[in-house]
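Undergrad: Mind looking at a prediction? Sequence and model below.
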Amino acid sequence: MADMLDDGVDQVPEDLGDPLEDPDGDDENVVGHIPDESEDILERGGATPAPACRAALNQATERFPNRNRASDGIMCDAAHPSSSDHCSGNAFDLTFDPGSGCDAHAMVESLKQRRDRRVKYIISNKRIWNPSVAPGWRPYSGKNPHTKHAHVSILASARGDTSPWWVQADPGLDDWRSHPMVRPGDRGELVRHMQELLIKAGHDLSQEGGADGIYGAGLERELKSFQAARGLVDDGKCGPRTWELLHR
């Protein structure tokens, strides 16, 4: 986490409230491509695209190489209100292109479902999800309905977090049948998901760092305990049967 906090970000309490103005203005006035590192991208007061936002769009393209990127963007232009997270490089727009498989609205729903810790708020298809305000979607009445793309604002402290964004984006983490096996030594969103389910099942992982996405010795011990208590082979490998019982 230390790397995320050293990315030129002011260490002051962040405003987690709803956006006061439409983050995309009246139109989709964001830079319509991801600038190369060598490009001049000082759009507002020295702001640059957050590595996390770059990663989100690049990873979407890796997953759907032929996707339309017409409404993609990170940085704002002069038409944006200065309050927009686009103006600090802490937001990205993902084009809705279900024809290529890149259903942006379903993909951001997967971020909500797994409570991705980088997300400040999401606006998608006339709805807004702001975890600091309410647990579910609420109607959004800004001038831009966000039907052509989904908007994701990230926390300033997460600028440097380039870990995978679209893990099991479709059908999502709730479908255990789609999960690959997780083994000791693995790390990432699936490990964090498994940790969260173990915690819900009554296992104390506080001494192991909680749901930190790292499969260490303490987590292996707790998973083996979970497996043994349910008559499974207690090998510490989270395969289909273990996933099924965790989700129950």
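TA: Perfect, thanks for sending it.

Undergrad: Tell me where this protein has strands.
TA: 91-95, 119-124, 127-129, 138-139, 149-154 (DSSP state E).

Undergrad: Which parts of this protein are helices?
TA: In the chain, the helices defined using DSSP state H lie at 2-5, 51-63, 104-113, 189-200, 217-229, 240-247.

Undergrad: and Ser84, how far is that from Asp72?
TA: Distance of Ser84 to Asp72, given as C-beta to C-beta, to the nearest Å: 16 Å. Yep, even glycine has a C-beta here, placed from its N, CA and C like the rest.

Undergrad: Bridged to Ala91, which residues?
TA: Ser153 (DSSP bridges).

Undergrad: Number of residues surrounding it?
TA: By other C-beta atoms under 10 Å, 27 other residues sit near Ala91.

Undergrad: Settle this for me: it is touching Pro23, isn't it.
TA: Yes: using C-beta atoms under 8 Å as the test, Ala91 is close enough to Pro23 to be in contact (6.3 Å).

Undergrad: Determine the residues that are contacts of both of these two.
TA: Ser84, Asp85, His151, Ser153 (C-beta atoms under 8 Å, 6 or more residues apart in numbering).

Undergrad: returning to that earlier point: how about the helices of the chain in a markdown table, adding mean pLDDT?
TA: As requested, the helices of the chain are exported to a markdown table (pLDDT from 0 to 100):
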| stretch | mean pLDDT |
| --- | --- |
| helix 2-5 | 33 |
| helix 51-63 | 93 |
| helix 104-113 | 87 |
| helix 189-200 | 86 |
| helix 217-229 | 94 |
| helix 240-247 | 90 |
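
Undergrad: Put together a markdown table for the ones you listed, with distance to Cys76 on each row.
TA: Compiled in a markdown table, the helices of the chain are given as follows (distance: least, C-beta to C-beta, whole Å):
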| stretch | distance to Cys76 |
| --- | --- |
| helix 2-5 | 22 |
| helix 51-63 | 12 |
| helix 104-113 | 19 |
| helix 189-200 | 29 |
| helix 217-229 | 41 |
| helix 240-247 | 41 |
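
Undergrad: So for Gln207, which of these sits nearest?
TA: Of all the helices of the chain, helix 217-229 sits nearest to Gln207, with 6.2 Å by C-beta to C-beta.

Undergrad: Nearest residue to Ile199 in space, ignoring adjacent ones along the chain?
TA: Distance criterion C-beta to C-beta, 6 or more residues apart in numbering; nearest residue to Ile199, sequence neighbours excluded, is Leu205 at 5.8 Å.

Undergrad: Would you map out the domains in this structure?
TA: 2-158, 176-247 (automatic domain parsing).

Undergrad: Among the strands of the chain, which comes closest to Leu57?
TA: Proximity of these to Leu57 was assessed by C-beta to C-beta; the nearest stretch is strand 91-95, lying at 5.8 Å.

Undergrad: Please list the residues outside that closest one that contact it.
TA: Looking at strand 91-95 with C-beta under 8 Å, 6+ apart, the contacting residues turn out to be 23-24, 28, 30, 53, 56-57, 60, 67-74, 84-85, 102, 104, 107-108, 148-154.
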